[in-house]
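Colleague: Fold the stuff below for me.
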Amino acid sequence: MSLGTSMGRALALMAGLGLCSPPAAADTTADDDPTTLQFSGRDIWRNGIFAHSGFLYAPGGFDRDGFMLKLLMNGGVYRYWPGSMPGQEVRGAEWQLQALPGFRIKRGASEMKFFFGPEWQNHWLWPDDLANKLRGRNFGMRFAAELWSEPTANTLIAGDVSLGTLGSSQSARLAFGWRVSGEWLNEEFFYLGPEIQVFDSDGYRQKRIGLHITSMKTGDIEWSAAIGYARDNDGYASPYVRLGLAQKLAF
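Modeller: Below you'll find the predicted structure:
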């Protein structure tokens, strides 16, 4: 594995995990007109386990165009095999904080969100990989955009993209869904369909294809999940599992 791959593995995954806000379908009107959305999630695959948590604040409410602020914390553990240390497995732990001001635009059944702001990262490696430029503390900037569109009453198109200055990290996801409803859901519904996702950074790329469930509701909690197949440019492949939860709050 090259130096670029060793430094890019965790960063590429971090670029897309937890950066997408909970889906716009969660923007249902409530009596107390909530302005804050609390969210969290988990992502697991063969060489990494990540978790994130954060808040999305919309002072004008979630049914209007306007300013938003996303605060997100992300952390996890991972492993890689650096070219600078042949035959040696390096285990890493990372922590990330993002503060991303943004703006929401809604037109009919479609909406887009745009965010741009700073991110801070800290990486710990065992044994220490002196060739890894991500070791220790790092500061960078990140841009993210999200799309949610319901072109018909029973279909969904959702996507997001994220671009970061640290290691030229970037990610993109595109998902399609079909509405599933019935008496067994107590008049609720969710979207079910395929998704594709790419994580990319200096010397590293991972591609995913899977099946997602979005906008499933349990009480006032809305959750999403995905399962599928992931493969990277080092030839490693495994299933992946992702879970996300969201809840609106009024202050």
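Colleague: Every contact and neighbour count from this point should use C-alpha atoms.
Modeller: OK.
Colleague: ok, Arg173 - contacts?
Modeller: Taking C-alpha atoms under 8 Å, 6 or more residues apart in numbering, we find Arg173 in contact with 159-161, 195-198.
Colleague: quick one, what contacts Glu111?
Modeller: Counting by C-alpha under 8 Å, 6+ apart, Glu111 touches 24, 104-105, 147-149.
Colleague: just for the protein, where's the confidence low?
Modeller: Residues of the chain meeting the criterion pLDDT under 70: 1-32, 251.
Colleague: ok so, going back, taking the contacts of Glu111, tell me the two that lie furthest apart.
Modeller: Taking C-alpha to C-alpha as the measure, the contacts of Glu111 span a maximum distance of 13.3 Å, between Arg104 and Ser149.
Colleague: For stretch 216-224, measure first residue to last.
Modeller: 6 Å (C-alpha to C-alpha, to the nearest Å).
Colleague: Make a PyMOL selection of the buried ones in the contacts of Arg173.
Modeller: In PyMOL syntax, the buried subset of the contacts of Arg173 is picked out as below (16 or more other C-alpha atoms under 10 Å):
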select buried, resi 159+160+161+195+196+197+198
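Colleague: related to what we said a few turns ago, just the ones in strands from the contacts of Glu111, please.
Modeller: 104-105, 147-149 (DSSP state E).
Colleague: Quickly check the contacts of Arg173 for the two that are furthest apart.
Modeller: Pairwise distances across the contacts of Arg173 (C-alpha to C-alpha) peak at 13.6 Å, for the pair Val161 and Glu195.
Colleague: Helices of the chain, residue ranges please.
Modeller: 3-16 (DSSP state H).
Colleague: how about the strands in it?
Modeller: Using DSSP E, the strands found in the chain span residues 36-45, 48-57, 66-80, 90-107, 110-126, 136-149, 155-164, 170-181, 189-201, 204-218, 221-232, 237-249.
Colleague: Note down every partner strand of the fifth one and its orientation.
Modeller: Paired neighbours of strand 110-126 in the sheet (DSSP bridges): strand 90-107 (antiparallel), strand 136-149 (antiparallel).
Colleague: got the buried residues for the longest one?
Modeller: Neighbour counts over strand 90-107 (16+ other C-alpha under 10 Å) mark 90-104, 106 as buried.
Colleague: and it, how far out from the chain's middle?
Modeller: Centroid separation between strand 90-107 and its chain, computed with C-alpha atoms, centre = their mean, to the nearest Å, is 8 Å.
Colleague: these two touch, right, Ser110 and Thr152?
Modeller: No - using C-alpha atoms under 8 Å, Ser110 makes no contact with Thr152, being 10.6 Å away.
Colleague: quick one: which of the two has more around it?
Modeller: Ser110 (16 against 11; other C-alpha atoms under 10 Å).
Colleague: Beta-bridge partners for that one, please?
Modeller: Arg107, Ser149.
Colleague: now swap in the one 10 residues further on and tell me
Modeller: Applying DSSP bridges to Trp120 gives these bridge partners: Leu97, Phe139.
Colleague: Look up how far Arg107 lies from it.
Modeller: In terms of C-alpha to C-alpha, Trp120 sits 33 Å off from Arg107.
Colleague: isn't Thr35 right up against Asp63?
Modeller: No - applying C-alpha under 8 Å, one finds Thr35 not in contact with Asp63, separated by 9.8 Å.
Colleague: picking that back up, can I get the strands paired with strand 110-126 in a markdown table including distance to Arg173?
Modeller: Below are the strands paired with strand 110-126 laid out as a markdown table (distance: least, C-alpha to C-alpha, whole Å):
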| stretch | distance to Arg173 |
| --- | --- |
| strand 90-107 | 19 |
| strand 136-149 | 9 |
